[in-house]
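Here is my input, please return the structure:
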Amino acid sequence: MNILIVDDDALVCQSLELLLGNEDDFTVVGTANNGREALVQIEKKAPDLVLMDIRMPEMDGIESTKEIKSRWPEMLIMMLTTFQDEQNIRLALQAGAEGYLLKSTAVANMAKQIRALSAGSSVLDADVLKQLVKPHADALAGLTKRESEIAECIAQGLSNKEIAAHLFLSVGTVRNTLSVILDKLELRDRTQLAIYYWKHQTNR
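Residues are numbered from 1 along each chain as shown. Presented below is the predicted three-dimensional model:
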């Protein structure tokens, strides 16, 4: 997997490039110090995934993510930041990011989460999840109780096998129910479902 690292801290870029570069299935194809540089690097290097900081000069991670998604919709973006406030989490997901990890994440776990993201799962750090509240009743009101349970599990990054074990269902039932949920909400895949789930949040 080809990865581009975007962070205005040169030491962070160098550290991540070294550490992630030691993973057999990862290749760090470049680094960028802000969102504008990221766009240039993507044009040149065509990475599979971008590790994106939020607060950066010239163009921040949120604006850069919006621009990347408008130009390269299939590009995977993992926000990697020290910020875990609810506003930044929501803005990142709304901009199109598929994952949100904290820089305090151990490299081994970060590599695991990057692989999960590449495999089609959404990734939200456990501490980040705590910032998000339960979904608004209206947003997912069309789902049955079982469908809602499965949607929540998917939003938490669980695989079909893990959901089946958690809810005492067969993997086939989880797969079929997921298809029904996607049809009801007019979504394409489980990543879109997870993002939809967390976008439609409010206090109640």
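
where does Met79 fall, phi/psi-wise?
Backbone torsions for Met79, taken as degrees, to the nearest 10, come to phi -70, psi 130.

neighbours around it, how many?
30 (other C-beta atoms under 10 Å). Using the backbone N, CA and C atoms, a C-beta is placed for each residue, glycine as well.

and if you look at Asp8?
18.

Now it: closest residue in space that isn't a chain neighbour?
Met56 (4.3 Å; C-beta to C-beta, 6 or more residues apart in numbering).

Touching the lengthiest helix in the chain from outside, list them.
Longest helix of the chain, by residue count under DSSP state H: helix 171-185. Identification of contacts with helix 171-185 by C-beta atoms under 8 Å, 6 or more residues apart in numbering yields 140, 142-143, 146-147, 150-151, 154, 160-161, 163-164, 167, 169, 187-190, 192-193, 196.

which parts of the helix or strand where Lys112 lies are buried?
For Lys112, the element it lies in under DSSP states H and E is helix 107-118. For helix 107-118, the buried set under the neighbour-count rule, 16 or more other C-beta atoms under 10 Å, comprises 110-111, 113-115, 117-118.

Spatially central, which residue of this protein would that be?
Here the mean C-alpha position of the chain is nearest to the C-alpha of Gly99 (C-alpha atoms, centre = their mean), at a distance of 1.5 Å.

was I right about that residue contacting Leu117?
Yes: counting by C-beta atoms under 8 Å, Gly99 does reach Leu117; the two are 4.8 Å apart.

joint contacts of those two?
76, 78, 123.

got the contact list for the closest residue to the last one other than its chain neighbours?
Spatially, and ignoring its direct neighbours in sequence, Val123 is nearest to Gly99 (3.6 Å; C-beta to C-beta, 6+ apart). Contact analysis of Gly99 by C-beta under 8 Å, 6+ apart lists 76-79, 113-114, 117, 122-124.

ok, now Thr65?
Taking C-beta under 8 Å, 6+ apart as the test, what Thr65 contacts is 52, 77, 79, 92, 95-97.

Hmm, which of the residues you listed is lowest in pLDDT?
Among the contacts of Thr65, Ala92 has the lowest pLDDT, at 85.

next structured bit after the helix or strand bottoming out on mean pLDDT in the chain?
Lowest on mean pLDDT, DSSP states H and E among the helices and strands of the chain sits helix 126-129, with a mean of 58. With elements assigned by DSSP H and E, the helix or strand that comes after helix 126-129 is helix 145-155.

How far off centre is that following helix?
18 Å (C-alpha atoms, centre = their mean, to the nearest Å).

Identify each buried residue in it, please.
In helix 145-155, counting by 16+ other C-beta under 10 Å, buried: 147-155.

Ok, stretch 72-82 next?
The neighbour-count check on stretch 72-82 (16+ other C-beta under 10 Å) flags 72, 75-81 as buried.

Report the separation between the two terminal residues of that stretch.
26 Å (C-alpha to C-alpha, to the nearest Å).
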